[in-house]
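Novice: Got a predicted model here, sequence first, then my questions.
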Amino acid sequence: MVDTAAHHWILVGVDGSSSSLHATRWAAHEAARRHIPLRLFHACVLPPAAPRVPISLPGGAVEALVEYGHQILRHAERVALDTEPGIEVHRDLRVGPAAGRLIDESEAARLVVLGSRGLGGFEGMLAGSVSVGVAAHGHCPVVVVRGRTLDDPPPTSGPVVVGVDGSPASEAALEFAFDAATMRGVPLVAVHTWTDMSAGETWSVLPFDIDYDAVAEDERLLLAERLAGWREKYPDVELEQRVVRNRPVRGLLEESEGAQLVVVGSRGRTPLKGVGLGSTSQALLHHGTCPVAVVRP
Ligand SMILES: Nc1ncnc2c1ncn2[C@@H]1O[C@H](COP(=O)(O)OP(=O)(O)OP(=O)(O)O)[C@@H](O)[C@H]1O
Ligand SMILES: [Mg+2]
């Protein structure tokens, strides 16, 4: 077990799925880049006991599941060390529901890394409940590792892309993204999208005559202003600023094609009370073609 004082490790959720092994490899590289330990974590989920139908597990069932969980962890450990032989790896197993346990454990982690899918779900499902739940309610940044398809490994080349909307969460996303670009020595593409009134069916009926070129220019200035401080703090990062006339989700999906990581805030400028994730972040978790980092303020 790791000394929990320092918030100095990367927590990886491991459930035996190929997706969680992609996450393990991605996290092993990240641990090597950051020079911090990896903590492989498995929540051993016991079969649900229906409240009105008392069922008791056969003798030895819990022990068998726990032993299976340890096997999953030992295999992930080998995968991590094959990927990055020099890193420090720890294994940890707890009994209980996966999302809840991972959210609790995220409080003491620097970063949580998960696969996009696990062993459950159904064919065609794009992101599992654990990855979406932890991304929405985790206490630290959460990376959901994705490739083009469930089986594809995540891309390892290309820029880092970050979505900027001026919300507190997107400021936190910027810091994470600049760090990620510096560590990888790759360019950072900062994307700010804005939507014109003709883009929405409802708005298109408005009889306004708006100078959209002037709006676009304003949005460009806004983005440059927001990035000025960060540029100074990270002078070595090659920064590209893109102001895109599109809906945030479409803009970010398009701009993150060919990227190796896309970074977004957990919430946007219009957070709904009780909803952990904004719609843009949710859509990227389901449809992104590269790993998605969700960062909270
Ligand atoms: N029991 C677990 N212990 C640790 N991490 C887990 C566990 N279950 C899932 N994870 C993590 O979450 C990722 C996504 O799995 P998730 O469970 O969300 O998808 P799923 O199994 O396809 O769908 P669902 O469980 O919602 O039916 C996994 O790749 C893994 O990183
Ligand atoms: Mg699952």
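Specialist: Yep, that arrived. Ligands and ions are numbered 1, 2, ... in the order given.
Novice: Report the secondary structure element holding residue 113.
Specialist: According to DSSP states H and E, residue 113 maps onto strand 111-115.
Novice: Name the residues of that strand that are buried.
Specialist: 111-115 (16 or more other C-beta atoms under 10 Å). No exception for glycine: its C-beta is placed from N, CA and C like everyone else's.
Novice: Tell me the one of the residues you listed nearest residue 72?
Specialist: The nearest member of the buried residues of strand 111-115 to residue 72, counting by C-beta to C-beta, is residue 115 at 12.6 Å.
Novice: SS state for the residue nearest to that closest one when sequence neighbours are not counted?
Specialist: Excluding its sequence neighbours, the residue lying closest to residue 115 (C-beta to C-beta, 6 or more residues apart in numbering) is residue 19, at 3.0 Å. The three-state label given to residue 19 by DSSP: H, G, I helix; E, B strand; the rest coil is helix.
Novice: ok, residue 19 touching residue 121?
Specialist: No. Assessed by C-beta atoms under 8 Å, residue 19 is found out of contact with residue 121, at 10.0 Å.
Novice: In terms of neighbours, single out the busier of the two.
Specialist: residue 19 (23 against 16; other C-beta atoms under 10 Å).
Novice: Next, work out how far apart that one and residue 289 are.
Specialist: From residue 19 across to residue 289, the span is 14 Å (C-beta to C-beta, to the nearest Å).
Novice: try residue 111
Specialist: In terms of C-beta to C-beta, residue 111 sits 21 Å off from residue 289.
Novice: swap in residue 250?
Specialist: For residue 250 relative to residue 289 (C-beta to C-beta), the value is 14 Å.
Novice: So for these two, which residue has more residues nearby?
Specialist: Set residue 250 next to residue 289 and count neighbours by other C-beta under 10 Å: residue 289 wins out with 19 against 15.
Novice: Can you classify that one as helix, strand or coil?
Specialist: coil.
Novice: ok, the closest residue to it other than its chain neighbours to ligand 2 distance?
Specialist: Nearest residue to residue 289, sequence neighbours excluded (C-beta to C-beta, 6+ apart): residue 148, at 5.1 Å. Plainly put, residue 148 is 21 Å away from ligand 2 if you go by C-beta to the ion, to the nearest Å.
Novice: Great, nothing more from me.
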